[in-house]
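# Need a 3D model of the following:
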Amino acid sequence: MRISTAMLHQRAVDVMLDKQAELSKTEVQLASGKRVLTPSDDPAAMVRTLDLSEAASKLGQYQRNADAATARLTQEETALEGVGNLLQRVRELAVQASNGTMSAADRASIATEVRQHLDGFLQLANTRDANGEYLFAGFKTDTPPYSHDGVGNFSYQGDLGQRRLQVGDSREVAVGDAGPAIFDNLPANAGGTTGIGSILYDLATTLEAGNADTNALADLDSALGQVLDTRAAIGARLGAVDDQYQANEAFQVAVAEVRSSLEDLDYAEAISRYNQQLVALQAAQQSYAKVQGLSLFDYIR
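Numbers count the residues shown, from 1 in each chain. As a prediction, this is how the structure comes out:
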């Protein structure tokens, strides 16, 4: 095999270029802290890293959903706490008004406070969350759910939908309750069904007429029971969201550890390799410096 001068020079240049490429790649790894820079570096690791990145992204979305669910459920629970306190106060007034020693004027005075609580109930029933959406309107979150015409007729403009958010791969949680499921369709002591608005309005009207309302206490107890049941259900949902949030955090840590083991750089090994590659490049450069001066014509001068 004949080795020409041009081939000798080209081989030396190729070796130097290869060494420079290896050194440059190691420098990039050290700067980025990543072992796998391109798919060709480790195809299997790259595929697994992409899968883990997708899993991490999904977990991040679940955590954001869990935060949103917690905020909305907490606001709903606060609103229902207000309704419960309001109903408890009205119950106390109803007991007071049922006393046989109360005069018509006394009952009219109590009716005034009851009407104030009726206004307070409507305000709580039309509570909005931090995004300006109505909590008790079902899916119609941009529509005020409850209205009152002032003469005892209450209207619900929402629907019966129940919003849900996914907080895990296989877990969804309800983040709202439609108004009728809490405030309406209550068994009335006089028969049929009634709603909290009607209970308060009828009580105020009866007291204004100077009479005691014989059905009010039973109806108020029914309303209080429904509100408390709903608050208990909300507490259970908040607990489920918190449990899933903790589980998601544990999954996130596990995903991050596996991903790190696949793509992160071992700095000790990389620095040692960098020094070896630098020595190899310097040796190749020194060899070329000596080879480039050699020529067959040096022997026939």
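# For V175, grab phi and psi.
In terms of degrees, to the nearest 10, the main-chain angles of V175 are phi -120, psi 20.
# What of F136?
Main-chain dihedrals, F136, degrees, to the nearest 10: phi -110, psi 30.
# Name the SS class of Q166, please.
The three-state label given to Q166 by DSSP: H, G, I helix; E, B strand; the rest coil is strand.
# Which residue ranges of the chain form helices?
5-32, 43-97, 104-125, 180-183, 196-208, 216-263, 267-291 (DSSP state H).
# any idea which of those helices is most buried?
Comparing those by mean neighbour count (mean count of other Cβ atoms under 10 Å), helix 196-208 comes out on top with a mean of 23. Bear in mind the C-beta positions are built from the backbone N, C-alpha and C, glycine included.
# Pipe the helices of the chain into a markdown table and attach distance to N189 per row.
What follows is those, written out as a markdown table (distance: least, Cβ to Cβ, whole Å):
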| stretch | distance to N189 |
| --- | --- |
| helix 5-32 | 74 |
| helix 43-97 | 12 |
| helix 104-125 | 17 |
| helix 180-183 | 17 |
| helix 196-208 | 10 |
| helix 216-263 | 4 |
| helix 267-291 | 77 |
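# Turn those into a markdown table, including mean pLDDT.
What follows is the helices of the chain, written out as a markdown table (pLDDT from 0 to 100):
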| stretch | mean pLDDT |
| --- | --- |
| helix 5-32 | 69 |
| helix 43-97 | 91 |
| helix 104-125 | 95 |
| helix 180-183 | 96 |
| helix 196-208 | 96 |
| helix 216-263 | 91 |
| helix 267-291 | 70 |
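# Any idea which of those helices gets closest to E133?
Nearest of these to E133, taken as Cβ to Cβ: helix 43-97 at 8.5 Å.
# just the angle between the closest one and helix 216-263, please?
Angle of helix 43-97 versus helix 216-263, following axes from the mean of the first three to the mean of the last three Cα atoms, to 10 degrees, is 170 degrees.
# how far out from the middle of the chain is helix 43-97?
Offset of helix 43-97 from its chain centre (Cα atoms, centre = their mean, to the nearest Å): 8 Å.
# quick check: angle from it to helix 104-125?
Using the same axes, to 10 degrees: helix 43-97 against helix 104-125 is 170 degrees.
# now for the helices of the chain, which one comes closest to F154?
helix 196-208 (4.1 Å).
# Out of the helices of the chain, flag the one nearest V151.
Judged by Cβ to Cβ, the one of the helices of the chain that comes nearest to V151 is helix 196-208, at 8.7 Å.
# Now do the closest one: which elements does it pack against?
helix 43-97, helix 104-125, strand 146-148, strand 154-156, helix 216-263 (3 or more Cβ pairs under 8 Å, 6 or more residues apart in numbering; DSSP states H and E).
# how about JSON lines for the ones you listed, with distance to F183 added?
JSON lines is the format used below for the helices and strands packed on helix 196-208 (distance: least, Cβ to Cβ, whole Å):
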{"stretch": "helix 43-97", "distance to F183": "8"}
{"stretch": "helix 104-125", "distance to F183": "6"}
{"stretch": "strand 146-148", "distance to F183": "8"}
{"stretch": "strand 154-156", "distance to F183": "9"}
{"stretch": "helix 216-263", "distance to F183": "8"}
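# Of all those, which one is nearest L186?
helix 216-263 (4.9 Å).
# Run through the neighbouring helices and strands of that closest one.
Secondary-structure packing of helix 216-263 (3+ Cβ pairs under 8 Å, 6+ apart): helix 43-97, strand 164-168, strand 171-174, helix 180-183, strand 186-187, helix 196-208.
# want to throw those into JSON lines with distance to G138?
Below are these laid out as JSON lines (distance: least, Cβ to Cβ, whole Å):
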{"stretch": "helix 43-97", "distance to G138": "13"}
{"stretch": "strand 164-168", "distance to G138": "12"}
{"stretch": "strand 171-174", "distance to G138": "11"}
{"stretch": "helix 180-183", "distance to G138": "9"}
{"stretch": "strand 186-187", "distance to G138": "18"}
{"stretch": "helix 196-208", "distance to G138": "17"}
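# what's the closest of these to L217?
Per Cβ to Cβ, nearest to L217 of these: helix 43-97, 5.6 Å.
# could I get stretch 177-190 in CSV with only the CA atoms?
Taking C-alpha atoms only, stretch 177-190 is exported to CSV below (Å, rounded to 0.1, in the frame of the first residue of the first chain):
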residue,chain,number,x,y,z
ASP,A,177,-72.8,22.1,43.4
ALA,A,178,-75.8,23.4,41.6
GLY,A,179,-78.0,25.6,43.8
PRO,A,180,-81.1,23.4,43.7
ALA,A,181,-79.2,20.5,45.2
ILE,A,182,-78.5,22.6,48.3
PHE,A,183,-81.1,25.4,48.6
ASP,A,184,-84.2,24.0,46.9
ASN,A,185,-86.3,20.8,46.8
LEU,A,186,-86.4,20.6,50.6
PRO,A,187,-89.3,18.7,52.2
ALA,A,188,-91.8,21.2,53.5
ASN,A,189,-93.5,20.7,56.8
ALA,A,190,-96.8,21.7,55.3
